[in-house]
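Q: the sequence and its predicted three-dimensional model are supplied below.
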Amino acid sequence: MNLVVTGAQWGDEGKGKIVDYLAKDAQIIVRFSGGANAGHTIVIGDEQYALHLIPSGILYPDKFVILGAGMVIDPVALFKELDMLKERGIDTTGRVFISDRAHIVLPRYIQIDKERDAARKTPIGTTGRGIGITYSMKCDRDGIRIADLGWKEKMDELEDEDRAFLAPFVQRLSEMSIDQAYFLMHHRNSQILFEGAQGTLLDLDLGTYPYVSSGMSSAAGAAIGGCIGPRRLDKVLGVFKAYSTRVGNGPFPSEFEEVVSTGSTTATEVEPVETSSEDALCKYIRETGREYGVTTGRPRRCGYLDLVALRYACLTNSIDSLVMTHLDVYDTLDKIKACIAYRITGEDGKEHIIEEFPASIAALNAAKPVLRSFAGWKQNLSGCLTYDEFPTAAMEYIEFIERFCETPIDIVSVGYDRKETIIRKNPWGK
Ligand code: IMP
Ligand code: MG
């Protein structure tokens, strides 16, 4: 069986934890998009691991992991990560493979990425890992793939600086290189987990362009970046947090108002007291949910769960079932709110209620969330071992989302540890 795990928001949904959990029943874990811009956190007992390039399944001693064709590989970051794992007692020998179609990130690209983003009138706020430039070079047909390391004419064409950079890595990269399509064909009777990075709203085509990353982070990317036909993907899981976060710039309709109001606001619908409570909520969630970037350390922007966006992610990824994470962050709240539509005031001054996620950045920037309130459960969810033990209020929040998105929530995560995962339906089952 082939299972895809994608992010249903703006990344950082907790995919790393879920992939780690599901990897127990997989033999091969494939990452299909992005590069060292990702940051996947996995907690096992007292140990915490932050992975950027290597699929999360690596922490199990017997799994094969593949860095897929849709990825962009920074050799420095890759070998640093492999060294880190070795130092921490994880033997990766003979288990890490790279698609020979994956592209290579050069130091030059990293420099250009930083300079170009800083020079933008409104920077995207990239992670500065050279991701967008590497994908641009790929689209321009000037990229360098792992397979090209053995192509003399291509190597001779490179700038001296690039050739000199690559030279010490050629042998080690070539040793890990595979033809991914045939490798997966030979392992077709294995359980394969396709691990997404970033999220639907950061997908180059489906996301809030141009405030996106440059890879195909949605489920369709698993087929192309995984070197497998789309009909061989059996099931798609979409991971989302009980609230929303976003790193970097770009529209975020349900974002909390973080600035404490002076009371002189002219907006009629935002009362000062409401603004200040959103500010408090934002700080509370950021600290409780540890909402700081794993790759860049930046504080993440936080907001209400955006069900308009989540339903769009379900639609565009053909999500079979949802995985909700970080629900425990809401344990202490009296009241919980989620965005169920956008209120947009048009040029004509008229207000429109929109329930479909628009492509227009102007519309998304103008959108104000229509919020629905839910009762809090005021109980520590990490004490629950099964869904039946959940308080009614938590079930009501979950079941509303299921109805709204017309998609079941089969897994709920209530803490960082592998143990703190409630399975309502095992995704590996038929
Ligand atoms: P890039 O991928 O470095 O080009 O960054 C483009 C945008 O995607 C920026 O807003 C980043 O903050 C965001 N981004 C990239 N990777 C991740 C991720 O793994 N989690 C969350 N945001 C990300
Ligand atoms: Mg992350």
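A: Thanks, I have it. Ligands and ions are numbered 1, 2, ... in the order given.

Q: which helix or strand contains the residue in the chain that ligand 1 sits nearest to?
A: At 2.2 Å from ligand 1, residue 248 is the closest residue in the chain, using CB to the nearest ligand atom. The way it works is simple: take the backbone N, C-alpha and C, and place the C-beta from them, glycine included. Under the criterion DSSP states H and E, no helix or strand holds residue 248.

Q: and if you look at the one 4 residues further on?
A: Using DSSP H and E, residue 252 sits within no helix or strand.

Q: find the least confident helix or strand in the chain, judged by mean pLDDT.
A: In the chain, no helix or strand scores lower on mean pLDDT, DSSP states H and E than helix 272-288, which sits at a mean of 76.

Q: list the buried residues of that one.
A: 275, 278-279, 281-282, 284-286 (16 or more other CB atoms under 10 Å).

Q: the residue of the chain closest to ligand 1 is in contact with residue 128, isn't it?
A: No. Under the criterion of CB atoms under 8 Å, residue 248 is not in contact with residue 128, lying 10.6 Å apart.

Q: more neighbours: which of those two?
A: Using other CB atoms under 10 Å as the criterion, residue 248 and residue 128 rank with residue 248 on top: 21 against 16.

Q: nearest residue to that one in space, please, no chain neighbours.
A: Once flanking residues are discounted, residue 248 sits nearest to residue 125: 3.0 Å by CB to CB, 6 or more residues apart in numbering.

Q: that neighbour: what secondary structure?
A: Under DSSP: H, G, I helix; E, B strand; the rest coil, the three-state class of residue 125 is coil.

Q: quick check: it touching residue 246?
A: No. Using CB under 8 Å as the test, residue 125 is too far from residue 246 to be in contact (9.5 Å).

Q: any idea how far residue 398 is from residue 250?
A: 28 Å (CB to CB, to the nearest Å).

Q: try residue 226
A: From residue 226 to residue 398 the distance is 30 Å (CB to CB).

Q: tell me which of these two has more neighbours.
A: residue 226 (28 against 21).

Q: quick one: contacts for residue 214?
A: 131-132, 134-136, 204 (CB atoms under 8 Å, 6 or more residues apart in numbering).

Q: do that again at 10 Å, thanks
A: Taking CB atoms under 10 Å, 6 or more residues apart in numbering, we find residue 214 in contact with 33-35, 37, 72, 113, 124, 126, 131-136, 138-139, 198, 202-204.

Q: try residue 302
A: Neighbouring residues of residue 302 by CB under 10 Å, 6+ apart: 241, 243-246, 252, 254-256, 258, 278, 281-286, 289, 291, 329.

Q: if we go to 8 Å?
A: Residue 302 makes contacts with 243-245, 255-256, 281-282, 285-286, 289, 291, as judged by CB under 8 Å, 6+ apart.
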